[in-house]
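[1] What follows is a protein structure lacking sequence information:
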């Protein structure tokens, strides 16, 4: 009976370790997110991603050609959240932009 308790404890410890590692791995895997850019075209408005992905509205979409209104960023967890588009491009990976026509 004592051997059964020791084996159960060892198996339980391994399972807990694997589950913990799984959660940590999932937490470090990130994806690109869209963030709103202010009307000045350079300030990132919020560190909360836009809901619904890429903006595709008349006032903010990939077909417009004027001022930047949203940027797609893959955040580097080692860096602070960027306050400007220039910071995002310098310290993180960016790949998409949408613009507004004035």
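    Ah, there it is. From a predicted model like this one, the values you see are computed outputs, not experimental measurements. Numbers count the residues shown, from 1 in each chain.
[2] make it CA atoms for all contacts and neighbour counts henceforth
    OK.
[3] Okay, and the beta partners of the closest residue to residue 34 other than its chain neighbours?
    Nearest non-adjacent residue to residue 34, counting by Cα to Cα, 6 or more residues apart in numbering: residue 72, 4.3 Å away. Using DSSP bridges, the bridge partners assigned to residue 72 are residue 34, residue 96.
[4] average pLDDT across whatever helix or strand residue 98 lives in?
    Here residue 98 sits within strand 93-100, counting by DSSP states H and E. Summarised as a single mean, pLDDT over strand 93-100 is 90.
[5] what do you get for stretch 73-81?
    Summarised as a single mean, pLDDT over stretch 73-81 is 90.
[6] Give me the distance between the closest residue to residue 41 other than its chain neighbours and residue 94.
    Among residues not flanking residue 41 along the chain, residue 68 sits closest, at 4.7 Å (Cα to Cα, 6+ apart). Separation of residue 68 from residue 94 (Cα to Cα, to the nearest Å): 13 Å.
[7] Same question for residue 49.
    Residue 49 is 14 Å from residue 94, by Cα to Cα.
[8] Let me know how buried residue 75 is, in neighbour terms.
    Applying other Cα atoms under 10 Å, we find 19 residues neighbouring residue 75.
[9] Correction: the previous question concerned residue 97.
    Residue 97, neighbours per other Cα under 10 Å, totals 19.
[10] Would it be right to say that residue 90 lies in a helix?
    Yes: assessed with DSSP: H, G, I helix; E, B strand; the rest coil, residue 90 lies in a helix.
[11] What is the neighbour count of it?
    11.
[12] same check, this time on residue 95
    Number of residues near residue 95 (other Cα under 10 Å) recorded here: 12.
[13] if we can go back for a sec, between residue 68 and residue 94, tell me which one has more neighbours.
    Neighbours per residue (other Cα under 10 Å) separate residue 68 from residue 94, with residue 68 holding more: 24 against 18.
[14] which SS class is that one?
    In three-state terms, and counting by three-state DSSP, residue 68 is strand.
[15] So it sits against residue 42, correct?
    Yes: Residue 68 lies in contact with residue 42 (Cα atoms under 8 Å); the separation is 7.3 Å.
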